[in-house]
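Trainee: Curious how this folds, go ahead:
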Amino acid sequence: MRILSGFHGVAMATTMFSVLLGASALSAEEFSYAEAAKPYAGTTITVLDEVTPLQETLATIVPEFSKETGITVQYELLSHLDVINKGQADMLSRGGAYDAVMLHGAQMGPMLDAEAIRPIDDFVADPKLSNAGLDTDDLIQRPFRSLAFFKDKQYGFINWNYNMVYWARADLLGNEIEKAAFKEKYGYDLGPAQTLKQLRDISEFFTRKRGEKLMGEPLAEDFYGVVLEGIKGANSLWLYIGNILRNYGGDIIDADGKPSFNTPEVVDSLAYWAELWKFSPPGTAEYSIIDVPTVMSNGIAAQTMAFSDFVLGVDKPGASPLHGSFVYGAPPVKEDVDPSRYSADGEPSMIVITQGSKNAEATFLFLQWLTEKKQQSALLKAGNGGVPIRESSWAELKSMDGVNSSLMDAMKVSLGRVESKPLMPNYYQVIDALAEIVQQVGLGTVSPQEGAAQGQAALERLCGDNCLLK
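Mentor: Residues are numbered from 1 along each chain as shown. Purely as a prediction, here's the structure:
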């Protein structure tokens, strides 16, 4: 049996499903959450989500659902690792402590393999529960469809569109002294990197020692052309895979799930990765997802690739002395790769109903309510911006005072390239093996050729000839 996975596989299946559904569902004008929730009024549901400024803003909106439906929502926010550990433990045990748990795309393979997530197709098809006005076609399609569907089943909507953007110092890139020197050295104009070659050249150009001049002034400390997340872990590995390897035309597996870490594209992209580390701070191997925005806000690096929601916490009044001095773009691509293969790393995430939930219908109503245009608009307004899950939100974001237009444009292009992680039942073992190898290549203790061979051997050991969920 062929697995329907990824963006293109689910598109056909869900389009046919939508046609079949349309005839039975109530119209948008007829549907009422208050009416749909009557059988569940007085019910309490427990939802586990991750604590970030985005979720903290959402927490202020959640009580509106209870007012509208009579269903109480205990909305619990924990740290990233606690959500994974505590949420997965409850899901795997079928304990039912949580009716719904936030899952990153990377968790979907193991949780689907364990049959720990409740599909929602029966609820979507039930006119008493399903809102015909939800307009899922308005959800940003590539992250949504690659995340929420597997084979012929739907497992949720989408809640958080974490995505990576290119982030640079606009004051450096626009400085006339630096522009003239760059043009003389590299033969083209200095500006935000759109290609991986430009990213590399800018990294080399702005790496300078204390006492050398930057924008005409002597440096009091060393300055770096790029800062990268290099700690051994999932985020730094996927930064390399999603923003570099795939933009070289390669991947860790091929379309059929077979390990493909020994291709020329892998070797070339690992060599590029190692070169970037030469222009990064000496502590790169210890830099985490949190450290990169800190370095950028402190002003000791020229550029990076980082998650856009972390940028939102830095480039705002009072958060960094460099607020207003940044420019953004989609992660750079390799100029000679087919544009259809352009990639940006991201981590689409959704709140799913656990198999242990005893309040699945009430929980479905809440998850559906969260996804609606009305609530998404309220969320963006309450946070004076954010990361949208709907196409219609872009215009609204652009109209808000103080919202960075450059960042919004960057996120929009990035999200057009983002797909959820491949559905691997032993995803975490794969991550542990490859993350160490990629870090060692960055440090220069393993050559790109050796790294590619070691990674291929690890994948074959862990997966055999197919890494994907069967």
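Trainee: How many residues are close by Ile253?
Mentor: Close neighbours of Ile253, defined as other C-beta atoms under 10 Å, add up to 18. (C-beta placed from N, C-alpha, C; glycine too.)
Trainee: what ranges do the helices span in the stretch 251-400 of the chain?
Mentor: 264-278, 291-298, 308-314, 360-371, 373-382, 393-399 (DSSP state H, counting those that start in this stretch).
Trainee: Off-centre distance for the third one?
Mentor: Just to be clear, that refers to helix 308-314. From the chain centre to the centre of helix 308-314 is a distance of 13 Å (C-alpha atoms, centre = their mean, to the nearest Å).
Trainee: would you turn the helices of the stretch 251-400 of the chain into CSV with distance to Tyr155 and mean pLDDT?
Mentor: Shown next, in CSV, are the helices of the stretch 251-400 of the chain (distance: least, C-beta to C-beta, whole Å; pLDDT from 0 to 100):
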stretch, distance to Tyr155, mean pLDDT
helix 264-278, 31, 98
helix 291-298, 31, 95
helix 308-314, 23, 91
helix 360-371, 11, 98
helix 373-382, 20, 95
helix 393-399, 23, 94
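Trainee: Please identify the most buried of those helices.
Mentor: Ranked by average neighbour count under the criterion mean count of other C-beta atoms under 10 Å, the helices of the stretch 251-400 of the chain are headed by helix 360-371 at a mean of 24.
Trainee: correct me, but Ala301 touches Leu228?
Mentor: No: using C-beta atoms under 8 Å, Ala301 is not in contact with Leu228; the gap is 9.3 Å.
Trainee: Identify the contacts common to those two.
Mentor: Shared contacts of Ala301 and Leu228, defined by C-beta atoms under 8 Å, 6 or more residues apart in numbering, comprise Ser280.
Trainee: who's more crowded, the two?
Mentor: A direct count of neighbours by other C-beta under 10 Å for Ala301 and Leu228 places Leu228 higher, at 28 against 25.
Trainee: and that one, what does it touch?
Mentor: Leu228 sits in contact with Ser236, Leu239, Leu276, Trp277, Ser280, Thr284, Tyr287, Val292, Thr304, Met305, Gly442, where contact means C-beta under 8 Å, 6+ apart.
Trainee: pull the CA atoms of the helix or strand encompassing the second one into PDB?
Mentor: So the one you mean is Leu239. Here Leu239 is covered by helix 234-240, with elements defined by DSSP states H and E. What follows is helix 234-240, C-alpha atoms only, in PDB (Å, rounded to 0.1, in the frame of the first residue of the first chain):
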ATOM      1  CA  ALA A 234      17.200  18.600  16.900                       C
ATOM      2  CA  ASN A 235      16.900  22.400  16.200                       C
ATOM      3  CA  SER A 236      20.500  22.800  15.000                       C
ATOM      4  CA  LEU A 237      20.300  19.700  12.900                       C
ATOM      5  CA  TRP A 238      17.200  20.800  11.200                       C
ATOM      6  CA  LEU A 239      18.600  24.200  10.600                       C
ATOM      7  CA  TYR A 240      21.300  22.500   8.600                       C
END
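Trainee: Contact partners for Ser405?
Mentor: Taking C-beta under 8 Å, 6+ apart as the criterion, Ser405 is in contact with Lys398.
Trainee: That one and Pro422, how far apart?
Mentor: From Ser405 across to Pro422, the span is 33 Å (C-beta to C-beta, to the nearest Å).
Trainee: likewise Ile202?
Mentor: Noted for Ile202: a distance of 31 Å to Pro422, by C-beta to C-beta.
Trainee: Between the two, which is the more surrounded one?
Mentor: Comparing Ile202 with Pro422 by other C-beta under 10 Å, the one with more neighbours is Ile202, at 27 against 21.
Trainee: pretty sure the more buried one is touching Leu190, no?
Mentor: Yes: with contacts counted by C-beta under 8 Å, Ile202 reaches Leu190, the gap being 7.3 Å.
Trainee: what residues are shared contacts of those two?
Mentor: Between them, Ile202 and Leu190 share the contacting residues Leu173, Phe182, judged by C-beta under 8 Å, 6+ apart.
Trainee: Just give the closest residue to the residue of the chain most remote from its centre, not the sequence neighbours.
Mentor: Distance from the C-alpha centroid of the chain peaks at Gly211, with 38.7 Å (C-alpha atoms, centre = their mean). Of all residues not flanking Gly211 in the chain, Pro218 sits nearest, at 5.7 Å (C-beta to C-beta, 6 or more residues apart in numbering).
Trainee: now that neighbour, which residues is it bridged with?
Mentor: Beta-bridge pairing of Pro218, defined through DSSP bridges, involves Lys213.
Trainee: ok, how many other residues are close to it?
Mentor: Neighbourhood size, Pro218 [other C-beta under 10 Å]: 10.
Trainee: Which parts of the stretch 101-250 of the chain are strands?
Mentor: Per DSSP state E, counting those that start in this stretch, the stretch 101-250 of the chain carries strands over the ranges 149-150, 153-154, 160-169, 213-214, 217-218.
Trainee: how much space between the residue nearest to Ile289 when sequence neighbours are not counted and Asp90?
Mentor: Leaving aside its sequence neighbours, Ile289 sits nearest to Asn235 (C-beta to C-beta, 6+ apart; 4.9 Å). Distance, Asn235 to Asp90, using C-beta to C-beta: 24 Å.
Trainee: I'd guessed Thr69 sits against Leu365; true?
Mentor: Yes: under the criterion of C-beta under 8 Å, Thr69 makes contact with Leu365 at 6.6 Å.
Trainee: Now the common contact residues for these two.
Mentor: Counting by C-beta under 8 Å, 6+ apart, the residues touching both Thr69 and Leu365 are Tyr33, Ala36, Ala37, Tyr40.
Trainee: quick one on the thing from earlier: OK, contacts around the residue nearest to Ile289?
Mentor: Contact partners of Asn235, counting by C-beta under 8 Å, 6+ apart, are Glu229, Ser288, Ile289.
Trainee: Write the ChimeraX selection for whichever of the residues you listed are buried.
Mentor: The buried subset of the contacts of Asn235, as determined by 16 or more other C-beta atoms under 10 Å, is captured in ChimeraX by this line:
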select :229,289
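Trainee: quick check, nearest of the contacts of Asn235 to Leu58?
Mentor: Ile289 (20.4 Å; C-beta to C-beta).
Trainee: for that closest one, phi and psi?
Mentor: Phi and psi for Ile289, reported as degrees, to the nearest 10, are phi -60, psi -30.
Trainee: now it: how far from Ala433?
Mentor: When distance is defined by C-beta to C-beta, Ile289 is 20 Å away from Ala433.
Trainee: for Ser377, same thing?
Mentor: Distance, Ser377 to Ala433, by C-beta to C-beta: 43 Å.
Trainee: Repeat that for Leu228.
Mentor: If you measure Leu228 against Ala433 using C-beta to C-beta, the figure is 20 Å.
Trainee: Could you list the low-pLDDT ranges of the chain?
Mentor: Applying pLDDT under 70 to the chain flags the ranges 1-29.
Trainee: Mind exporting the C-alpha coordinates of stretch 299-319 to CSV?
Mentor: Extracted C-alpha coordinates of stretch 299-319, given in CSV (Å, rounded to 0.1, in the frame of the first residue of the first chain):
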residue,chain,number,x,y,z
GLY,A,299,25.3,43.2,18.3
ILE,A,300,28.3,41.0,17.9
ALA,A,301,27.2,39.2,14.7
ALA,A,302,26.1,40.4,11.3
GLN,A,303,23.4,37.8,10.4
THR,A,304,21.8,34.5,11.2
MET,A,305,18.9,32.2,10.5
ALA,A,306,16.5,32.0,13.4
PHE,A,307,12.9,31.2,14.3
SER,A,308,10.7,34.2,13.6
ASP,A,309,8.8,34.0,17.0
PHE,A,310,12.2,34.6,18.8
VAL,A,311,12.8,37.6,16.5
LEU,A,312,9.5,39.0,17.6
GLY,A,313,10.8,39.0,21.2
VAL,A,314,14.0,40.9,20.3
ASP,A,315,13.1,43.5,17.6
LYS,A,316,10.7,45.6,19.7
PRO,A,317,11.1,48.7,21.8
GLY,A,318,13.0,48.1,25.0
ALA,A,319,14.1,44.6,24.1
